[in-house]
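Asks: Provide a 3D model corresponding to the input given below.
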Amino acid sequence: MLDRLMDLWPFPPGVFVTILGTEALIITLIPADRMRGRLARLIAVVLCFGLAFGEIYAVRRDRADASNQHAIEMATLYAKFLELNKNVIALQNNTAATNATRSLPADNLKRQAVDLSNEILSFLISREAPPGYGQGGYGEGPYGGKPADTKDYDAQTMRSYFDAFQIRVDRMHDELKKQGLTDSEFDTEYSNTVNTYSIRTIAERIGALAKKLPN
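Replies: Residues are numbered from 1 along each chain as shown. Got it, this is the predicted structure:
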């Protein structure tokens, strides 16, 4: 109940101190004979304690808000690093296959599949880079990696993926199927690519299927 009442006074710390100082100034201006009454002194004391309590509460609430905001920011940053880490691990899982296919012709299906998987995962890593890392330290913005508000950014990521990879993924899906290589996760995300999880799954499954192809 008290919290609800205090929320109706959404002023930052310092307001109550200012009012308290104003009260002290007013008291000094009031003739002494008018402040000798018990009621006047009682009102002054109640106001002082009330304003002091209000300031303490405002400071505590401000600190709680800052703490909550910090927790939200840390959780968001952790989620970004977690997503980035998943993409990096998926790319590392292709390392052996990548090394094994370097000697194969450029038109070899296995090499093309591994390369496509690597390119998609590298694309995701570039889109998930946390602000300021490896980009000059400009913070969140065009030069600082993934912004805090990701709705438009994620939509742009999807458009970029479709523009850069969809035709190649379609072709690779058909070529692998001709070789008798199918994967239920690949088929599901390939037919309904809706987010970065879908994109990573597609890249991972292409890389996994590529390892089953003969050199």
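Asks: mind checking the SS state of residue 107?
Replies: coil (DSSP: H, G, I helix; E, B strand; the rest coil).
Asks: Now do it: how many residues are near it, please.
Replies: By the criterion of other CB atoms under 10 Å, residue 107 has 7 neighbours. Every C-beta, even on glycine, is put in place using the N, C-alpha and C of the backbone.
Asks: State the distance from it to residue 185.
Replies: Distance of residue 107 to residue 185, given as CB to CB, to the nearest Å: 27 Å.
Asks: Over to residue 153?
Replies: Noted for residue 153: a distance of 25 Å to residue 185, by CB to CB.
Asks: I figured residue 164 was touching residue 123, is that so?
Replies: Yes. Between residue 164 and residue 123 there is a contact under CB atoms under 8 Å: 6.9 Å.
Asks: for the host helix or strand of residue 202, packing partners?
Replies: Taking DSSP states H and E as the definition, residue 202 sits inside helix 196-210. Helices and strands touching helix 196-210, by 3 or more CB pairs under 8 Å, 6 or more residues apart in numbering; DSSP states H and E, are helix 38-92, helix 95-101, helix 109-128, helix 151-178, helix 184-191.
Asks: So which of the ones you listed is the most surrounded?
Replies: For the helices and strands packed on helix 196-210, the largest average neighbour count (mean count of other CB atoms under 10 Å) is found in helix 109-128, namely a mean of 21.
Asks: Need the mean per-residue confidence for that one.
Replies: For helix 109-128, the per-residue pLDDT values average out at 93.
Asks: CA-only coordinates of that helix in CSV, if you can.
Replies: Backbone C-alpha positions of helix 109-128 (Å, rounded to 0.1, in the frame of the first residue of the first chain) are rendered in CSV as follows:
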residue,chain,number,x,y,z
LEU,A,109,29.4,-31.2,-53.5
LYS,A,110,31.0,-31.9,-50.1
ARG,A,111,33.3,-28.9,-50.3
GLN,A,112,30.4,-26.7,-51.4
ALA,A,113,28.2,-27.9,-48.5
VAL,A,114,30.9,-27.3,-45.9
ASP,A,115,31.7,-23.9,-47.3
LEU,A,116,28.0,-23.0,-47.3
SER,A,117,27.6,-24.1,-43.7
ASN,A,118,30.7,-22.0,-42.7
GLU,A,119,29.5,-18.9,-44.6
ILE,A,120,26.1,-19.0,-42.9
LEU,A,121,27.6,-19.4,-39.5
SER,A,122,30.1,-16.6,-40.1
PHE,A,123,27.2,-14.5,-41.2
LEU,A,124,25.4,-15.2,-38.0
ILE,A,125,28.5,-14.4,-35.9
SER,A,126,28.9,-11.1,-37.6
ARG,A,127,25.2,-10.2,-36.9
GLU,A,128,25.4,-11.3,-33.2
